[in-house]
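Trainee: Have a look at this prediction, sequence included:
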Amino acid sequence: MKLTCTRDNLHQGLSIVSHLTGKNVNLPILQNVLIKAESGTIRFTTTNLEMAVSCLVRGKLEETGETTVPSKLFYDYVSLLPNDAIVIEGNADYVRVSCGSQKTKMNALAATEFPLVPRVQGTKTYKIPANDFREALSQVVFAVATNESRPELTGVLMRFTVGNGEGRLTLAATDSYRLAERTIPLVSQIEEENSVIIPAKTLLEVNRILSVFRDDVESPPSIELSVSDSQAAFTYGPVELISRMIEGNYPDYGQIIPKDFDTQAMLDREDLIKAVKTASLFSKSGLFDVVFGFDPVTKQASLAAVDATRGENTTACGADITGKPNSVTLNYRYLLDGLNSMSSERVVFKMIDVGNPCVVIPDGLDNHLYLIMPIRQ
């Protein structure tokens, strides 16, 4: 195998794939990146057995072949090379890397030891706007459950529907204590409704890949998702990520979203974030409780917390409040997560009473919803 490519192309390709590798005592090959040079293309691939990512790298192919080298070592070394042409040649035992006066030799493992990455024979394919998808992921994926007792909650529900004559994608995540939901349009039309559950780790990796290309003027405007019965493949420009899907039924969360509310408040998002952070300094350790109160007469919302060892605090902020006076105890970390995921200047907070879920939405937008369960007193 022998190939030549620029330092920038090589560095970008390795930055995309090397993130997936990690130490594995039983399978050292999983720490390596597969370099495959054939049919005029150069492809780098890594896998952790749950997902695999591959990236085509532009360069000049002089001799076909394939081998694997330690991914992190290769990436770290290339990061230190000058911005010049890099020549890579090797076999199953070693890889030589030359760049100007810099030369190195890395021990390799045979490509035959590298796990086979199955192709996804997609039965359904969707085109999703890349920028909208990246934003939506950051607004929902943080709400997934970290406890493996309910595997379906460790993933994000992706529901494909038809609305107003166009395809729509709704992403939802919940850990039973809060729920985040965001809807975006699809580029492609869809013939029938469908839903899949994608592991949160996979979508975090997809989000990272999209962020790598964010400032690249040549990056495609949409990302393609193909799904089979058990696997999903995300394709974006030269990158393909293949992952297993989570089997099981996602809870019908629509039942718990209230339709009518007793109190609604319009608040400045930044002011509310500061008030929550201030009150949180006096919340009980481990409970993270703050009392959110609303007075429609004085048009004041208040955040209060009391801790026996530290003291107490009440912070007020102006709000446009309609309905009856009300208050609810919430986990301030969950509240901050929701507020930080929104970009609008103002948010609308809706509640019924101390025993029902509260809803937060960005002002003027009906495609983003965040729900929080109250702390029962």
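Mentor: Ah, there it is.
Trainee: longest strand of the chain?
Mentor: Taking residue count as the measure and DSSP state E as the definition, the longest strand of the chain comes out as strand 311-323.
Trainee: in stretch 30-48, what counts as buried?
Mentor: 30-37, 42-48 (16 or more other Cβ atoms under 10 Å). Any C-beta I mention is one placed from the backbone N, CA and C, and that applies to glycine too.
Trainee: The residues you listed in strands, which ones?
Mentor: Using DSSP E, Asn32, Val33, Leu34, Ile35, Lys36, Ala37, Ile42, Arg43, Phe44, Thr45, Thr46, Thr47 are the members of the buried residues of stretch 30-48 that sit in strands.
Trainee: Just to check, the fifth one is in contact with Thr46?
Mentor: Translated: Lys36. No - assessed by Cβ atoms under 8 Å, Lys36 is found out of contact with Thr46, at 11.9 Å.
Trainee: list the buried ones in the helix or strand harbouring Val276?
Mentor: Assigned by DSSP states H and E, Val276 falls within helix 269-280. By neighbour count, and taking 16+ other Cβ under 10 Å as the criterion, the buried residues in helix 269-280 are Arg269, Leu272, Ile273, Ala275, Val276, Thr278, Ala279, Ser280.
Trainee: cool, stretch 101-108 as well?
Mentor: Met106, Ala108.
Trainee: so how far is that stretch off the chain centroid?
Mentor: Here the centre of stretch 101-108 is set off from its chain's centre by 36 Å, with Cα atoms, centre = their mean, to the nearest Å.
Trainee: hmm, who's touching that stretch?
Mentor: Outside of stretch 101-108, the residues within contact range by Cβ atoms under 8 Å, 6 or more residues apart in numbering are 32, 67-70, 73-74, 77, 81-82, 90-97.
Trainee: average pLDDT across that stretch?
Mentor: When pLDDT is averaged over stretch 101-108, the result is 95.
Trainee: again, but for stretch 265-278
Mentor: Computed over stretch 265-278, the average pLDDT equals 97.
Trainee: And stretch 9-22, by the same measure?
Mentor: Model confidence over stretch 9-22, given as mean pLDDT, is 90.
Trainee: ditto for stretch 37-53
Mentor: Mean pLDDT, taken over the full extent of stretch 37-53, equals 93.
Trainee: Next, the distance between the ends of it.
Mentor: Start to finish, the residues bounding stretch 37-53 are 16 Å apart (Cα to Cα, to the nearest Å).
Trainee: Off-centre distance for that stretch?
Mentor: 22 Å.
Trainee: Also stretch 251-259?
Mentor: Centroid separation for stretch 251-259 versus its chain: 23 Å, with Cα atoms, centre = their mean.
Trainee: Could you list the domains of the chain?
Mentor: Domains of the chain are assigned by automatic domain parsing as 2-113, 124-244, 257-372.
Trainee: Out of those domains, which is closest to Pro251?
Mentor: With distances scored as Cβ to Cβ, the stretch of the domains of the chain nearest to Pro251 is domain 124-244 (7.3 Å).
Trainee: and the end-to-end length of the closest one?
Mentor: Counting by Cα to Cα, you get 15 Å between the two ends of domain 124-244.
Trainee: Over to stretch 26-42?
Mentor: Chord length of stretch 26-42, first to last residue, is 28 Å (Cα to Cα).
Trainee: before we move on, what about stretch 147-159?
Mentor: OK, stretch 147-159 end separation, Cα to Cα: 23 Å.
Trainee: quick one: buried residues of that stretch?
Mentor: Within stretch 147-159, the residues scored as buried using 16+ other Cβ under 10 Å are Glu152, Leu153, Thr154, Gly155, Val156, Leu157, Met158, Arg159.
Trainee: now, among those residues, which is nearest to Glu312?
Mentor: Top of the list for closeness to Glu312, among the buried residues of stretch 147-159 and by Cβ to Cβ, is Leu153 at 35.2 Å.
Trainee: average pLDDT across stretch 186-195?
Mentor: Stretch 186-195 comes out at a mean pLDDT of 90.
Trainee: Can you tell me the number of residues neighbouring Asp175?
Mentor: Around Asp175 sit 18 other residues, with neighbours defined as other Cβ atoms under 10 Å.
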